[in-house]
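Chemist: After the sequence you'll find the predicted model.
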Amino acid sequence: MADNRLIVALDFHKFSDMERLVTLLGDSISYYKVGMELFYSVGPKAISYLKERGKSVFLDLKLHDIPNTVAEGLCSLMVQGADMINIHASGGFTMMKTAAERVHKRAEEMGAVCPKLIAVTILTSINQDDWQGLGMTCEIREQVIRLARLAQEAGLDGVVASPQEAAAIREACGPDFMIITPGIRPIGTSTDDQSRIATPEAALKNGATHLVVGRPIRAAEAPKLAAEAIIKEMEMVK
Ligand code: C5P
């Protein structure tokens, strides 16, 4: 049975590949992530396909621009029916606050349910070398917490962060803040290009509300079995 805390990343270029995986996973999965790869090649029909099948959709386009452009961009995306959309917290407080206010106002005008608005803190692929290369002198964790607090203050619903930082975010932002964690790797699977990873069980125990999983399911020999094994592990942490 599906667990709404598990979000499967549909990182495909082709509609037919997405369709094949969604059909194969069937009722096991109720929440999907549409990212740049799929949305830039297929467009809004990826979202409508999923919504018509009763699935929830996280539209992961990580907007990062000046406040007005991000706010209006989100309003254009919102009408396509995603349940959750995201922006980069490093766009700053004013950008996030403008985005949150504009999206809520537009949803109200439309009489629509406002999608959850989430901020990306520091990408889970960033390692210490990348971090220092950016000229950053504080710890990654310290910056993640700073951005999470800023996002909460700006009126966002939650953050995307590494499962390794989830516990500290939970402590800093309280019980109602959503924490979406990619970088999930069940024991024995490849880490790929991810750096700050954890198992599904550890991520939930650290306070994650949703897990985003791509390659460990998509690239598995038997994706449905891989998904079910993750759900089973998740069920142990309620
Ligand atoms: O294949 P894998 O499980 O690594 O996929 C993780 C997914 O989560 C990818 O679609 C990636 O774009 C996304 N993501 C991430 N780190 C973030 C935000 C999103 O890995 N900070």
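Modeler: That came in fine, so what should we check first?

Chemist: need the contact list for residue 77.
Modeler: By C-beta atoms under 8 Å, 6 or more residues apart in numbering, the residues touching residue 77 are 59, 61, 85. To be clear about C-beta, it is placed using only N, CA and C from the backbone, and glycine gets the same treatment.

Chemist: for residue 22, that is, sorry about that
Modeler: For residue 22, the contact set (C-beta under 8 Å, 6+ apart) comprises 10, 29, 32, 49, 50, 53, 55.

Chemist: Flag every buried residue along stretch 51-69.
Modeler: Of the residues in stretch 51-69, 55, 56, 57, 58, 59, 60, 61, 62, 63, 67 count as buried by neighbour count, 16 or more other C-beta atoms under 10 Å.

Chemist: give me the number of residues near residue 228?
Modeler: Using other C-beta atoms under 10 Å, residue 228 is surrounded by 16 other residues.

Chemist: could you check the distance from it over to residue 141?
Modeler: Counting by C-beta to C-beta, to the nearest Å, the gap from residue 228 to residue 141 is 33 Å.

Chemist: Confirm for me that residue 37 is in contact with residue 13.
Modeler: Yes. In this structure, residue 37 sits in contact with residue 13. The criterion is C-beta atoms under 8 Å, and the distance is 5.9 Å.

Chemist: For these two, work out which one has more neighbours and name it.
Modeler: In this view residue 37 and residue 13 are compared by other C-beta under 10 Å, and residue 37 has more residues nearby, 16 against 12.

Chemist: Find the residue closest to the more buried one in space, skipping its chain neighbours.
Modeler: Closest residue to residue 37 in three dimensions, ignoring its sequence neighbours and counting by C-beta to C-beta, 6 or more residues apart in numbering: residue 11, at 5.1 Å.

Chemist: distance of that neighbour from residue 158?
Modeler: When residue 11 is compared with residue 158 (using C-beta to C-beta), they lie 21 Å apart.
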